[in-house]
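Enquirer: next comes the sequence, and after it the predicted model I'd like to discuss.
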Amino acid sequence: MAFEVGIQRGNLTSLAISISPHCPCSQSPLPAKRLKLAPAAIKFKSKLIYASSHEVFWIPKRILPNHRVIMAVARAEPDSFGEGRSKEETDKGQYFLEKEDKHSEVQDKANQLKKRVLSGILIGISVGGIVLAGGWVFTIGVAAAVFAGSREYFELVRSRGIASGMTPPPRYVSRVCSVICALMPIWTLYFGHIDSSVTSAAFVVAIALLVQRENPRFAQLSSAMFGLFYCGYLPCFWVKLRCSLSVPALNTEIGRLWPVLLGGQTHWTVGLVATLICVSSIIAADTCAFIGGKAFGRTPLTNISPKKTWEGAVIGLAGCVATSFILSKIFYWPKSLFSSVAFGFLNFFGSLFGDLTESMIKRDAGVKDSGSLIPGHGGILDRVDSYIFTGALAYSFVGTFKPLFGV
């Protein structure tokens, strides 16, 4: 319902807008009054609450579903009221609004943290169950994440920041690439290798770009090929790490206690143990780097991500190596101290440069998050960026150093 609002004794000289969780008028014992609009005054579509003993007019603009009220404070010119009293009342109103702004900001941060923690717990439980299950369950989970991540990647490529300097692939090519990326992990598990799938996918995408109606551009081909590599090819190594290394980890104490109905000791393979250590090391690296950067961060690490610091990176490296070493003693894999420490170093650098690569893409795109799929976390790429390169490095480490150090 619209009201015409005005002040007859003076002109409206200033207007301050703020957001308040509660309407201050609701606590006032004074009755609400309705004023008529004077000529040349500003119109508001709202109710006017006028406290007769003050010169500050509170105008609730809109009541939101969570009981937050947008407020407006109007100050009259000194010719209508005493100059000193008017300034004092205006300052009080401004102080109240600033206080309410801070309170609202604190509430927003608390709600965001709550969503972030809850989403993180649910994701952790789900990912843990998928990793333990292995096989087709693990592969389908990777394929779903790959599909969502590839969709976000091609949306970033089409964003204004990146598209302003290049020609993005057509939408139908982006969708075809997303489907091909999702099929790559399934192909890897079924056939046991990746090379032919990547070659076939690159050939299909190249043909799709060349036969388009518009003039094909090299930028379209390069961004599409990098999408296949970044979102499709690299995640396939997680399938190879978890599912192809099927040799039982016989020295693992947990495997001996594992229920027979769930696979018994043979369920705990080298691939499962390596995957658990790798994922846990990445989580430790991200957590320690975040906490260490907040507490001791002084020196920026790179211009790509200004919030990252050398102090946080060093603490994250220490947490990653320590986690890898502790879990190697629990699972009795890898056996040698050098192998467990080297595995931790490799996991850290893979996660760090994976994070920086995604930050570079987002920075060129001019966005903070790659998407909004996960409440409190952003997009799927924001959560898995540290894992994209690490799977390939971990699988290469196990395959290369196994005959040398008995891992």
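Expert: Alright, I've got the coordinates. This one's a predicted model, so the numbers in the text were calculated from it and none came from an experiment.
Enquirer: and residue 166, backbone torsions?
Expert: phi -160, psi 170 (degrees, to the nearest 10).
Enquirer: and it, how many residues sit next to it?
Expert: As a burial measure, residue 166 scores 15 neighbours (other CB atoms under 10 Å). Backbone N, C-alpha and C define where each C-beta goes, glycine included.
Enquirer: wait, it sits on residue 223?
Expert: Yes - counting by CB atoms under 8 Å, residue 166 does reach residue 223; the two are 7.0 Å apart.
Enquirer: okay, now the unreliable bits of the chain?
Expert: Scanning the chain for pLDDT under 70 picks out the ranges 1-97, 99-101, 103, 402-407.
Enquirer: show me where this protein has strands.
Expert: 12-20, 49-50, 57-58, 62-63, 69-76 (DSSP state E).
Enquirer: could I get the full set of helices for this structure?
Expert: 83-133, 135-157, 160-163, 171-191, 195-210, 218-227, 236-239, 253-257, 270-296, 310-331, 337-365, 380-384, 390-405 (DSSP state H).
Enquirer: residues contacting residue 372?
Expert: Each residue near residue 372 by CB atoms under 8 Å, 6 or more residues apart in numbering is listed here: 378, 379.
Enquirer: quick one on the thing from earlier: pick the most deeply packed of the helices of the chain.
Expert: helix 236-239 (a mean of 26; mean count of other CB atoms under 10 Å).
Enquirer: would you mind writing the CA trace of it as PDB?
Expert: Presented in PDB, the C-alpha positions along helix 236-239 are these (Å, rounded to 0.1, in the frame of the first residue of the first chain):
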ATOM      1  CA  CYS A 236      40.300 -40.000 -14.300                       C
ATOM      2  CA  PHE A 237      43.600 -40.600 -12.400                       C
ATOM      3  CA  TRP A 238      41.500 -40.700  -9.100                       C
ATOM      4  CA  VAL A 239      39.600 -43.700 -10.600                       C
END
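Enquirer: wait, what's in contact with the residue nearest to residue 255 when sequence neighbours are not counted?
Expert: Spatially, and ignoring its direct neighbours in sequence, residue 255 is nearest to residue 268 (3.4 Å; CB to CB, 6 or more residues apart in numbering). Going by CB under 8 Å, 6+ apart, residue 268 touches 248, 249, 252, 254, 255, 258.
Enquirer: got the phi/psi numbers for residue 268?
Expert: phi -90, psi 90.
Enquirer: with residue 250 instead?
Expert: phi -70, psi -20.
Enquirer: and the residue lying closest to it once chain neighbours are set aside, how many neighbours?
Expert: Leaving aside its chain neighbours, residue 250 sits nearest to residue 265 (7.3 Å; criterion: CB to CB, 6+ apart). Applying other CB under 10 Å, we find 16 residues neighbouring residue 265.
Enquirer: what do you get for residue 242?
Expert: So residue 242, with other CB under 10 Å, has 28 neighbours.
Enquirer: quick one: residues contacting it.
Expert: By CB under 8 Å, 6+ apart, the neighbours of residue 242 are 131, 134, 138, 271, 272, 275.
Enquirer: and what of residue 287?
Expert: residue 319.
Enquirer: identify whichever of the helices of the chain lies nearest to residue 302.
Expert: When those are compared by CB to CB, helix 337-365 sits nearest residue 302, at 6.6 Å.
Enquirer: distance from that closest one to the middle of the chain?
Expert: Computed by CA atoms, centre = their mean, to the nearest Å, the chain-centroid distance of helix 337-365 equals 16 Å.
Enquirer: also stretch 294-310?
Expert: That offset, for stretch 294-310, works out to 18 Å (CA atoms, centre = their mean).
Enquirer: and stretch 119-130, by the same measure?
Expert: With CA atoms, centre = their mean, you get 15 Å for stretch 119-130.
Enquirer: what of stretch 376-384?
Expert: The answer for stretch 376-384 is 3 Å, by CA atoms, centre = their mean.
Enquirer: contacts for that stretch, please.
Expert: By CB under 8 Å, 6+ apart, stretch 376-384 touches 112-120, 123, 145, 148-149, 152-153, 358, 368-374.
Enquirer: could you rerun that using 7 Å?
Expert: 112, 115-116, 119, 145, 148-149, 152-153, 358, 369-374 (CB atoms under 7 Å, 6 or more residues apart in numbering).
Enquirer: closest one to residue 234 out of the contacts of residue 242, please.
Expert: residue 275 (15.2 Å).
Enquirer: ok, residue 357 to residue 385 distance?
Expert: Using CB to CB, to the nearest Å, residue 357 is found at 7 Å from residue 385.
Enquirer: can I get the contacts of residue 242 in CSV including distance to residue 204?
Expert: Below are the contacts of residue 242 laid out as CSV (distance: CB to CB, whole Å):
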residue, distance to residue 204
131, 31
134, 30
138, 26
271, 30
272, 34
275, 30
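Enquirer: from those residues, which single one is nearest residue 206?
Expert: Using CB to CB, the contacts of residue 242 come closest to residue 206 at residue 138, 30.7 Å.
Enquirer: now do the contacts for that closest one.
Expert: When contacts are counted by CB under 7 Å, 6+ apart, residue 138 touches 130, 131, 242, 243.
Enquirer: pull the most distant pair out of these.
Expert: Within these, two members stand farthest from each other by CB to CB: 130 and 243, at 12.0 Å.
Enquirer: need the max-distance pair from the contacts of residue 268.
Expert: 248 and 254 (12.1 Å).
Enquirer: list the residues that contact both of residue 357 and residue 385?
Expert: Common neighbours of residue 357 and residue 385 are not found (criterion: CB under 7 Å, 6+ apart).
Enquirer: any idea how far stretch 115-126 is from the chain center?
Expert: 13 Å.
Enquirer: which residues touch it?
Expert: Outside stretch 115-126, the residues touching it (CB under 7 Å, 6+ apart) are 374, 375, 376, 377.
Enquirer: who wins for most neighbours among these?
Expert: When neighbours are counted by other CB under 10 Å, residue 374 leads the contacts of stretch 115-126 with 19 neighbours.
Enquirer: just give the closest residue to that residue, not the sequence neighbours.
Expert: residue 119 (5.5 Å).
Enquirer: ok, residue 131 - contacts?
Expert: 138, 242, 275, 276, 279.
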